[in-house]
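> Give me coordinates for this.
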Amino acid sequence: MVIYIAGASSGLGLHTAQQLQAAGMTVVAGARSFAECEGRAPDGQYRLALDVRAEASVERFVRLACEKFGPPDALICAQGLLNQNAAAEYTDQELNDILDTNFLGSVRLIRQVMPLFREKKQGKIILFSSINGLLGIPFQGGYTASKHAIEGYAECLRMEAKPEGIEVCLVTPGDHQSGQKQYRRHGAADSPESPYHQRYTRAVHQIEHDESTGSNPDELGKKIAKALCKRHLPARLLIAKPDQKLAVTLHKLLPTKWFSAIISHYYGQL
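Here you go, the predicted structure:
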């Protein structure tokens with residue numbers, strides 16, 4: 001099975017790529033940082049430079065991967081950019097960067113591989129959403145918006161692609177120990193001069209605690225590998241601890257006012 005995966009240099013994308021390789025799949029891993037180390041990696045993955053924000057880079061990645069290994073059996077869009085800030089203080093550039101990477105980057109990849117899937121009359125697409133694709137938390141408005149966009153896009157894509165034998169799965173991770181803090185950006189709310197600073201600091205502290213005590217990212221990768229080996233992809237893989245799964249359920253069941261009060265209290269906003 002040939003897998004093309006974006007965002008494979010760090011975080012959940014890295015752990016997923018490693019577990020796919022360990023499961024015996026042929027992994028073509030893409031990331032911007034691979035520009036200086038293209039080719040076969042020690043763990044067996046084949047690395048290619050990939051900047052999902054640039055159409056030419058996406059086209060090159062798919063073309064070279066196809067020339068080397070043939071068309072993919074599955075595409076995994078695991079790239080992600082997180083910039084924490086107050087929703088009202090994001091700059092246009094900050095929001096553009098988040099949406100261009102998380103959402104439009106996936107659209108560009110799908111646009112390139114769809115003709116390959118269509119020719120084979122089959123294919124599997126896995127899009128990384130998040131618990132934040134289902135509900136919002138303080139100071140992750142840009143990231144949450146990008147994941148909500150992925151949720152809506154995937155729902156439409158699933159219906160449109162099914163008649164062509166192409167399946168779409170949303171992976172919805174909760175907090176995992178995957179080094180997100182190292183790559184996180186901070187906006188204006190991080191400044192002591194921001195009116196949000198104190199509440200921002202409390203929220204970020206809770207977010208970082210939840211990530212540091214989160215799930216094992218290798219287990220997420222194994223679950224994705226298992227799903228790919230099945231005849232049909234599930235529509236969604238919700239991979240999270242019980243308390244975060246409960247939050248998703250409560251978001252559906254409780255009145256908005258009640259749920260918002262619970263989340264606000266948890267992140268130190270009240």
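> How many neighbouring residues does the closest residue to residue 49 other than its chain neighbours have?
What sits nearest to residue 49 in space, not counting adjacent residues and going by C-beta to C-beta, 6 or more residues apart in numbering, is residue 35, at 3.9 Å. Backbone N, C-alpha and C define where each C-beta goes, glycine included. If you count neighbours by other C-beta atoms under 10 Å, residue 35 ends up with 13.
> does residue 35 really touch residue 54, like I thought?
No. The criterion here is C-beta atoms under 8 Å, and residue 35 misses it with residue 54 at 11.8 Å.
> Dihedrals phi and psi, the residue most central in space within the chain?
Centroid check for the chain by C-alpha atoms, centre = their mean gives residue 128 as the closest residue, at 3.4 Å. Dihedral pair for residue 128: phi -80, psi 110, per degrees, to the nearest 10.
> if we look at the sheet, which residues does it bridge to?
residue 171 (DSSP bridges).
> What residues does it make contact with?
7, 12, 13, 76, 77, 78, 79, 80, 150, 171, 173 (C-beta atoms under 8 Å, 6 or more residues apart in numbering).
> For the second one, grab the count of nearby residues.
Looking back up the chat, that one is residue 12. 24.
> which residue sits closest to it in space, ignoring its chain neighbours?
Excluding its sequence neighbours, the residue lying closest to residue 12 (C-beta to C-beta, 6+ apart) is residue 178, at 5.1 Å.
> Just the strands from the stretch 1-150 of the chain, written as ranges.
Here the stretch 1-150 of the chain has its strands, by DSSP state E, counting those that start in this stretch, at 2-6, 26-31, 39-40, 46-49, 74-77, 83-84, 123-128.
> Which parts of this structure are helices?
Counting by DSSP state H, the chain has these helices, from start to end: 11-22, 55-69, 92-99, 105-120, 141-161, 180-183, 197-212, 217-229, 242-253, 256-266.
> in the third one, what counts as buried?
Think helix 92-99. Neighbour-count burial for helix 92-99 flags 94, 95, 97, 98, 99 (criterion: 16 or more other C-beta atoms under 10 Å).
> now swap in the fourth one and tell me
By neighbour count, and taking 16+ other C-beta under 10 Å as the criterion, the buried residues in helix 105-120 are 105, 106, 107, 108, 109, 110, 112, 113, 114, 116, 117.
> Can you list the low-confidence ranges for this protein?
179-183 (pLDDT under 70).
> Against the centre of it, work out the most remote residue.
Extreme point of the chain relative to centroid (C-alpha atoms, centre = their mean) is residue 193; 31.8 Å.
> Please identify the most buried of the helices of the chain.
Highest mean neighbour count of the helices of the chain: helix 11-22, a mean of 23 (counted as mean count of other C-beta atoms under 10 Å).
> what's that helix in contact with?
With contacts defined as C-beta under 8 Å, 6+ apart, helix 11-22 is touched by 3, 5-8, 27, 29, 31, 43-45, 76, 78-80, 128, 173, 176, 178-180, 183, 217-218, 220-222, 224-225, 228.
> rerun that using 6 Å as the cut-off
3, 5, 7-8, 27, 29, 43-45, 78, 178, 217-218, 221-222, 224-225 (C-beta atoms under 6 Å, 6 or more residues apart in numbering).
> same check, this time on stretch 129-137
By C-beta under 6 Å, 6+ apart, stretch 129-137 touches 140, 143-144, 147-148, 150-151, 170, 172, 174, 244, 248, 251.
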